[in-house]
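> here is a sequence with its predicted model. Questions after.
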Amino acid sequence: MQHKNLIPGSGMNKLDLLKGVIIGFLASAIGTFIFIKLFTTYDFISGIQTMKSEGKLGKLITLGSILDLIIFSVLLKLNKDLMARGVVLAVIIITIVTLFI
């Protein structure tokens with residue numbers, strides 16, 4: 001009896017998609033960090049808290065997600081289509097979460 005995980009190529013698609021999602025979340029976090037450091041006088045934690053109290057946290061996260069666009073285009077250039085889909089999925093998840101913040 002064969003297991004589905006042992007069939008060549010069956011688990012790789014899910015793994016590449018998961019890698020893309022993780023890359024997308026990390027890129028958004030790094031982009032948010034860079035934006036706070038370059039364009040505000042706050043450190044990272046107090047910048048997040050200040051933006052949340054002013055009701056601008058969603059806008060901050062959106063600006064941080066611009067880095068995902070760059071990573072998406074690089075992954076497409078490298079023919080890593082499933083990782084690029086994972087980055088798009090991460091952006092969709094971030095968008096939905098941002099709506100409820």
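Happy to help now that I have it.

> which helices and strands does the longest helix along the chain pack with?
In the chain, assigned by DSSP state H, the helix with the most residues is helix 10-39. In terms of contacts (3 or more Cβ pairs under 8 Å, 6 or more residues apart in numbering; DSSP states H and E), helix 10-39 is packed against helix 44-53, helix 57-64, helix 66-77, helix 81-100. For glycine as for every other residue, the C-beta is placed from the backbone atoms N, C-alpha and C.

> so what's the gap between it and the chain middle?
With Cα atoms, centre = their mean, to the nearest Å as the basis, the distance from the averaged C-alpha position of helix 10-39 to the chain average is 4 Å.

> buried ones in it?
16-17, 19-21, 23-25, 27-29, 31-32, 35-36 (16 or more other Cβ atoms under 10 Å).

> re earlier: the helices and strands packed on helix 10-39 into JSON lines, with extra columns for mean pLDDT and mean neighbour count?
Shown next, in JSON lines, are the helices and strands packed on helix 10-39 (pLDDT from 0 to 100; neighbours: other Cβ atoms under 10 Å):
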{"stretch": "helix 44-53", "mean pLDDT": "89", "mean neighbour count": "14"}
{"stretch": "helix 57-64", "mean pLDDT": "87", "mean neighbour count": "18"}
{"stretch": "helix 66-77", "mean pLDDT": "94", "mean neighbour count": "16"}
{"stretch": "helix 81-100", "mean pLDDT": "92", "mean neighbour count": "16"}
